[in-house]
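Asks: Starting from these lines, generate the structure:
(5 chains, ligands or ions: 4)
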Amino acid sequence: MAVDQAPAAGQPSDIHARQLAGLDALELGGGTSSGLASRLWGRTWPMLLAIAIVLAIWQGVVWSGRWPEYVFAGPAETLGTLGERLTDPEYWQAIAVTMRRAVTGFAIAVVVGLAVGAVVSRIKVLRAAFGSLITGLQTMPSIAWFPLAILLFGLTESAITFVVILGAAPSIANGLITGVDYTPPILLRASHVLGFRRLQLYRHVILPASLPSFLAGLKQGWAFAWRSLMAGELVVIIAHQSSLGERLYYDRELADSAGLLATMIIILVIGVGIDLLFETGDNALRRRWGLQQVRN
Amino acid sequence: MAVDQAPAAGQPSDIHARQLAGLDALELGGGTSSGLASRLWGRTWPMLLAIAIVLAIWQGVVWSGRWPEYVFAGPAETLGTLGERLTDPEYWQAIAVTMRRAVTGFAIAVVVGLAVGAVVSRIKVLRAAFGSLITGLQTMPSIAWFPLAILLFGLTESAITFVVILGAAPSIANGLITGVDYTPPILLRASHVLGFRRLQLYRHVILPASLPSFLAGLKQGWAFAWRSLMAGELVVIIAHQSSLGERLYYDRELADSAGLLATMIIILVIGVGIDLLFETGDNALRRRWGLQQVRN
Amino acid sequence: MTAPLTERAARRAEGDEPAVRLDGVSKIYGQGKNGLLALDNISLSVAPGEFVSLLGASGCGKSTLLSLVAGLDSPTAGTLSVGGRKIAMMFQEPALFPWLTVSANVEMALRVQGVAKRERRQRAAEFLDIVHLGGFGAKRPHELSGGMRQRVSLARALAQEADVLLMDEPFGALDAMTRDLLHDELERIWQKRGLSVLFVTHNVREAVRLGDRVVLLSSRPGKVAEEFDVDIERPRVTDSPEVAELASAVTARLRQEVLRHGS
Amino acid sequence: MTAPLTERAARRAEGDEPAVRLDGVSKIYGQGKNGLLALDNISLSVAPGEFVSLLGASGCGKSTLLSLVAGLDSPTAGTLSVGGRKIAMMFQEPALFPWLTVSANVEMALRVQGVAKRERRQRAAEFLDIVHLGGFGAKRPHELSGGMRQRVSLARALAQEADVLLMDEPFGALDAMTRDLLHDELERIWQKRGLSVLFVTHNVREAVRLGDRVVLLSSRPGKVAEEFDVDIERPRVTDSPEVAELASAVTARLRQEVLRHGS
Amino acid sequence: GSSGTTGTPGSGGSSGGGDKLAEVRLGYFPNITHSTALVGIEKGLFAKHLGSTKLTATTFNAGPAAIEAVFSGAIDATYIGPNPAINAWAKSKGKAIKIIAGAASGGVFLVVKPEINGVEDLKGKKIATPQLGNTQDVALRYWLQEKGLKTDTKGGGDVNIVPQENSQTLQTFATGDIDGAWVPEPFASRLIQESKGKVLIDERDLWPNKQFVITHLIVRQEFAAQHPDVVKQLLEGHVEANAAINADPADAAKTVNAALEKLSGKPLKPEVIDSAFKNITFTNDPIASSLVGSADHAIKIGLLEPVDLNGIYDLKTLNEVLKAKGQPEVADK
Ligand SMILES: Nc1ncnc2c1ncn2[C@@H]1O[C@H](COP(=O)(O)OP(=O)(O)OP(=O)(O)O)[C@@H](O)[C@H]1O
Ligand SMILES: Nc1ncnc2c1ncn2[C@@H]1O[C@H](COP(=O)(O)OP(=O)(O)OP(=O)(O)O)[C@@H](O)[C@H]1O
Ligand SMILES: [Mg+2]
Ligand SMILES: [Mg+2]
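Replies: Ligands and ions are numbered 1, 2, ... in the order given. Model (predicted):
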């Protein structure tokens, strides 16, 4: 068999070429060889394509005439409604109000979740007593909490925040607990020998070791926070503050298909935006841990 | 200094005793030295104590007279209501209906989440196109999906299942993706050399390696499924089938504090029960991986 | 028995198709000014059935070289070919699957080949016997000592039944006795199967004991500093004067290399 | 210079309080019929300032012994005391924190001691210099070779400035040159600080080169098979005939042990 | 406990227990049947009578939240439908609230697909109501029972009753999932105009005087006891608002639609609001007979435990106000 020849750029041919193609799929987001612009574009075009495909299918369904337009609005009408809303400063305010609440609630939930997760994951008795309750709380629909929230906080934003925290904190705590449980024992042994104990051990070893799992918990927590918020914004309506949750409700209440779809798009866009933030953190983490370097 | 003496059972004294006490906190659920009964008891008493404490605080608040009984029912009344309901076969049927729906929806969501997570985590273009959409979908309140669900499935149980799947599948997919992302590169390298490719690689290496994270995703997915179900059971009320979600709704509707609290307790108990199942799986996993053996 | 030395040397010289061939291979980790030139213009080939030992200071690029050959990474420059041969590799770490028993870890090598379950188990047991871990099939990796894990990893690599075997310090964590026993086993299997072996070690005597040829890498960047043909009749003994003699020659050269690059 | 040998031997004999003392220590992993007796009735002590090398076949219980001494595990039977001394340990694996740079990994040892940041960094750099990893402080563990990681782990253990140093095959992944250099460094630091060292290795010459005493463990279950006092003047050289002579005596005894237990 | 609301944030603003209350908190729904509140607030009629007492209006989207707010003392009074009021009365054993005025009557229809021409065609059909056990649901079931058609709370029987939110009814009616719906305005008008539904029954025809309550005003008992003057001022505003609506319905409709747009982001179509407005009567009379009658029906078809509604009304102040204005007084029977 003749000696394989490959360009100096270094594509080994033959069996290797195939093996590498297989491994290439593993190496995501680590394309450090191209410029920033082309990397951004590589990140963007699949998204744009996906959007285009979704729009096409959507339009197709609408044109098929399966449902009347007022039951299922088409892309044109929906995007029109969306455009209208986005030119309305009040709508932006509604988004701002909701975002503010989400961020506040989430921030407190992170603190609470961190504290609860830390304590429960490390203290045996508390783990046995409350460990399973955390998931139990997660499964409790937000709506069940509102009577209590209103009793405690009245019709204030605190009532909403309370429910948001109850929604998000368990996820965050659970993420941390999973991370702690799966911290490699050798690292715990090493830090024990180094003299790390209790709080220091927690801060310098367990927390960073749990970070990937904690980050996953944060992401889930955000989703819970957001959903709880949407529910909460209906129950506790605060004067002079329109909000996204309220908008969603009215779109449904008025059976306004185009409006509902427009609001859903906004929610999706915000969700995707937040995910991109998390993803950035996650990528940084994986780079630091050397997890993107699958091939060397 | 005199030589330390310790019993043959092997408690090293001095600095070691203290170090071990610290590490003991790490070793949860691994108490293999005691019999099954005493282990069960060790697992149970903290829970019972926690319940007792919660009941005491609850009763205290009620006795403080801060709120009238009809606004905030006490433990006695609530447990009375709970007892009444639990002797009513119809209530059990409602629970059964809800559980059936939850399990069905969750099972399908696991399959969907697994497939989506598998594809998205391993194929670069799809990851870029849909990766962030998964979290986006998670943040979408179930209520927004119902108009679509009803359009697609009419007023049937399928509509509920659809929304449950949309609620749970993203979490499950995300759990898997995190797991895949954090699979130790050395294991991927080893399996590549062993000749594992694509589906085989996925099945025999990536999936088991991602199991801890996947399990965490399942837990979160269950919570989402359950919450979506509670919302769905209100929107699509199906003939001849009373359900827990409906009960929750009517308890609120009737301003029935005791009833609401009783339903909340049921939901919590189910949630805790499910968590215990997950925990069993998780413990088995950790034992197999050698993660409970922190001290050797 | 291997082919006589002269014959093998001749085969190499004649340009017979090598099992592994590196032509001016370079590898740079990272980019730009953070880039690290790990391997610089390495040309090296391993003939079919040849046992090549690779020596070099810590961090000189031996593991990098093996992972290029295994196709786990691609060279920054140069050509690399294994002529479609099947490659087995034993990593520097044990790299066992923590969720599988010891036996199942070895079976993983057979699983891809589609061997049936019963046979898989039986053959895994055989390979575990070879590495002196007969009764440990049902244990999990975390219940083994460091050296035992390394031996499981060896058993797994042997079970792959590949044409080319890459070994990265396979006996580093073993005591001298066990090491000697495994040298014999490895030599036996190598001869029986006609394997091509690329064997990284820090133990010069071991390199000489096992290799048809000893290749010395220099450090930063990794280059081939010198090659030694080992003209000692097999079976060899690690403590034999011939081995000791060549080993001290190699050691002297190695010392020179390390000193040249400073500490 | 260490104290003259006779003096040290006398001190041990006189029952001077040892730095590490094991009295009839046993360790059983698992329970009931699945239980594995890893260590059986071990009595051993290390005098303050003494350097004890520990030899034994793979899987005989050396790492288990170290982790008992480090307080990472408790013996099933027997008494163990370190008299409140501070213990540093270097594990068989590098056990580095993957999220920290090399320098930060070494700094972790200083962090618990409450050393200020600037000083921490500086001292970490010094220790990295000692293990010949001067320019690698800013890298992350995954960017290092196996031997380099092991050296970082060594730097970290040295940075702990403990009274007792436990080392589990610390130089297993290093080439002979680097190993020699580090032997000198380790000996220097040991003498300067008056450390008590318990040193596990598979390299008999290394054990003799460094140890005041060489302890031989037998396998399954681990017991003390024999102790050798090393009566060779320091500074010693690994290739010296005295070292070689004692090493071959120890090797013979070790071989006998291994063979007695069968393969 | 009578310590009730102390400590609840901003409860009543009863700072000094002095003569003038700082703030009164009123709840209502952004809903056409709550036009009294919408007009009263928009036109400043409540504010006019309350004087220095500030009116803080809070909107709700559903009865339970409003009742929870009343129970917890977060609001003092609210406009609300008959069912939540009865539930609140029953649950608190008559301690929490009182109905102090009526607000609206009528505006409920059975809208069906065009091919359904009479009660006999309803057999085997699916009819939606807003919610199991609410007034509309009870009315439908009672009416069907009188017509000899069997139903049950599980959706079985001769006619399948499917409780669902009104907004969803619009969708399921359009897609043909349901054959009709017993719904209040403006959903009835929307079903008719958007989905070509037709009116089979106007609920007014089933009641004496063609009147039945759809919205009324309730107040927290404790608040009423502490601040009878404020309650009176509130009622003065309420009466004036209803008077304004009845004096110029077209203008009121416009005001209401503007208010709805502000609250929900989108106005109703003019045709819908006009037709809906025509079908609703705004009256101060709580039409006690219909509340009691509806409750009786509910008990008869087994949807309500027997409940003693005696004392749920406190119309003394309303009657004072009406008397002062020279309008006919209303009765609580
Ligand atoms: N993933 C990586 N990223 C960046 N640099 C790397 C990476 N892997 C290895 N290197 C660098 O490449 C050089 C060679 O590393 P390699 O692991 O090949 O050495 P080695 O010869 O195997 O050493 P050892 O005997 O210590 O195992 C080292 O300087 C190391 O720092
Ligand atoms: N966590 C564990 N659970 C069960 N058995 C264990 C565990 N750790 C070690 N063992 C067993 O104890 C014995 C001694 O192990 P140890 O790691 O101490 O050996 P070692 O002397 O360090 O060997 P090596 O030189 O190969 O590192 C081995 O037979 C091993 O299988
Ligand atoms: Mg290497
Ligand atoms: Mg060991």
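Asks: Please, where are all the strands along chain C?
Replies: Remark: strands assigned in chain C by DSSP state E are C:20-29, C:36-46, C:51-56, C:77-81, C:87-90, C:164-168, C:196-200, C:213-218, C:223-229.
Asks: pLDDT below threshold where in the chain?
Replies: This is for chain A. The model of chain A has pLDDT under 70 over residues A:1-35, A:239, A:290, A:292-296.
Asks: meant chain E, my bad for not saying
Replies: Along chain E, segments meeting pLDDT under 70 span E:1-19, E:154-155.
Asks: Just give me the longest strand of it.
Replies: Chain E, longest strand under DSSP E: strand E:97-106.
Asks: Check which helices and strands that one is in contact with.
Replies: helix E:35-42, helix E:82-91, strand E:213-220, helix E:221-226, helix E:228-247, strand E:280-282, helix E:316-325 (3 or more Cβ pairs under 8 Å, 6 or more residues apart in numbering or on different chains; DSSP states H and E). Quick note: C-beta positions are derived from backbone N, CA and C, even for glycine.
Asks: and the next helix or strand after that strand, which strands flank it?
Replies: Downstream of strand E:97-106, the first helix or strand assigned by DSSP states H and E is strand E:108-112. Its sheet considered, strand E:108-112 pairs with strand E:180-184 (antiparallel), strand E:198-202 (antiparallel) by DSSP bridges.
Asks: how big is the angle separating strand E:108-112 from strand E:213-220?
Replies: 140 degrees (axes from the mean of the first three to the mean of the last three Cα atoms, to 10 degrees).
Asks: So which residues make contact with strand E:108-112?
Replies: Strand E:108-112 has contacts (Cβ atoms under 8 Å, 6 or more residues apart in numbering or on different chains) with E:122, E:125, E:127, E:135-136, E:139-140, E:173, E:179-185, E:188, E:191-192, E:197-204, E:212, E:214, E:279.
Asks: so what strands line up beside the helix or strand that it is followed by?
Replies: Per DSSP H and E, the first helix or strand lying C-terminal to strand E:108-112 is strand E:126-129. Strand E:126-129 sits in its sheet next to strand E:160-163 (parallel), strand E:180-184 (parallel), going by DSSP bridges.
Asks: now, of those, which is deepest in the fold?
Replies: Comparing the strands paired with strand E:126-129 by mean neighbour count (mean count of other Cβ atoms under 10 Å in any protein chain shown), strand E:180-184 comes out on top with a mean of 27.
Asks: For it, give me every contacting residue.
Replies: E:33, E:107-113, E:116, E:122, E:125-130, E:136-137, E:139-140, E:166, E:169, E:173, E:187, E:191, E:197, E:200-201, E:203, E:214.
Asks: what about the residue in the stretch 101-250 of chain A that ligand 2 sits nearest to, how many residues close to it?
Replies: The nearest approach of the stretch 101-250 of chain A to ligand 2 comes at A:Pro185, 9.3 Å away (Cβ to the nearest ligand atom). By other Cβ atoms under 10 Å in any protein chain shown, 20 other residues sit near A:Pro185.
Asks: ditto for the one 3 residues further on
Replies: Number of residues near A:Leu188 (other Cβ under 10 Å) recorded here: 23.
Asks: Which secondary structure element is home to it?
Replies: Short version, using DSSP H and E: A:Leu188 is in helix A:185-194.
Asks: check whether that helix contacts chain B.
Replies: Yes. Using Cβ under 8 Å from any Cβ of the partner chain, helix A:185-194 reaches chain B at A:185, A:188-189, A:192.
Asks: about what we covered before: right, so of the strands of chain C, which gets closest to chain B?
Replies: Closest approach to chain B among those is made by strand C:87-90 (4.4 Å; Cβ to the nearest Cβ).
Asks: wait, does the helix or strand encompassing A:Val163 contact chain B?
Replies: Per DSSP H and E: A:Val163 is located in helix A:157-181. Yes. Residues of helix A:157-181 are located near chain B by Cβ under 8 Å from any Cβ, namely A:170-171, A:174-175, A:178, A:181.
Asks: got the contact list for stretch C:220-230?
Replies: Taking Cβ under 8 Å, 6+ apart as the rule, stretch C:220-230 contacts C:5, C:9, C:26, C:37-44, C:56, C:59-62, C:64-65, C:208, C:211-218, C:246, C:249-250, C:253, C:257, C:261.
Asks: give me that answer again for 7 Å
Replies: The contact list for stretch C:220-230 (Cβ atoms under 7 Å, 6 or more residues apart in numbering or on different chains) reads C:9, C:37-42, C:44, C:56, C:60-61, C:208, C:211-218, C:246, C:250, C:253, C:257, C:261.
Asks: burial measure for the residue lying closest to C:Val112 once chain neighbours are set aside, as a count.
Replies: Using Cβ to Cβ, 6 or more residues apart in numbering or on different chains and skipping residues adjacent in sequence, the residue nearest C:Val112 is B:Gly195, 4.0 Å away. For B:Gly195, the count of nearby residues is 19 (other Cβ under 10 Å).
Asks: what's the closest of the residues of helix A:157-181 next to chain B to chain B?
Replies: Minimum distance to chain B across the residues of helix A:157-181 next to chain B is 4.4 Å, recorded for A:Thr178 (Cβ to the nearest Cβ).
Asks: give me every residue that touches that closest one.
Replies: By Cβ under 7 Å, 6+ apart, A:Thr178 lies in contact with A:213, B:212, B:216.
Asks: and E:Gly106, how many neighbours?
Replies: The burial count for E:Gly106: 24, using other Cβ under 10 Å.
Asks: dump the residue contacts of the residue in the stretch 101-250 of chain C that chain E sits nearest to.
Replies: Proximity of the stretch 101-250 of chain C to chain E (Cβ to the nearest Cβ) peaks at C:Arg111, 52.0 Å away. Counting by Cβ under 7 Å, 6+ apart, C:Arg111 touches B:204, C:120.
Asks: And it, how far from B:His192?
Replies: 14 Å (Cβ to Cβ, to the nearest Å).
Asks: ok so, going back, mind putting the strands of chain C in TSV, mean pLDDT and mean neighbour count included?
Replies: Conversion of these to TSV gives the following (pLDDT from 0 to 100; neighbours: other Cβ atoms under 10 Å in any protein chain shown):
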stretch	mean pLDDT	mean neighbour count
strand C:20-29	90	20
strand C:36-46	89	20
strand C:51-56	92	26
strand C:77-81	90	22
strand C:87-90	93	25
strand C:164-168	94	24
strand C:196-200	94	25
strand C:213-218	91	23
strand C:223-229	87	16
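Asks: Would you format the ones you listed as JSON lines with distance to ligand 4 included?
Replies: Compiled in JSON lines, the strands of chain C are given as follows (distance: least, Cβ to the ion, whole Å):
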{"stretch": "strand C:20-29", "distance to ligand 4": "31"}
{"stretch": "strand C:36-46", "distance to ligand 4": "30"}
{"stretch": "strand C:51-56", "distance to ligand 4": "25"}
{"stretch": "strand C:77-81", "distance to ligand 4": "36"}
{"stretch": "strand C:87-90", "distance to ligand 4": "18"}
{"stretch": "strand C:164-168", "distance to ligand 4": "19"}
{"stretch": "strand C:196-200", "distance to ligand 4": "21"}
{"stretch": "strand C:213-218", "distance to ligand 4": "28"}
{"stretch": "strand C:223-229", "distance to ligand 4": "33"}
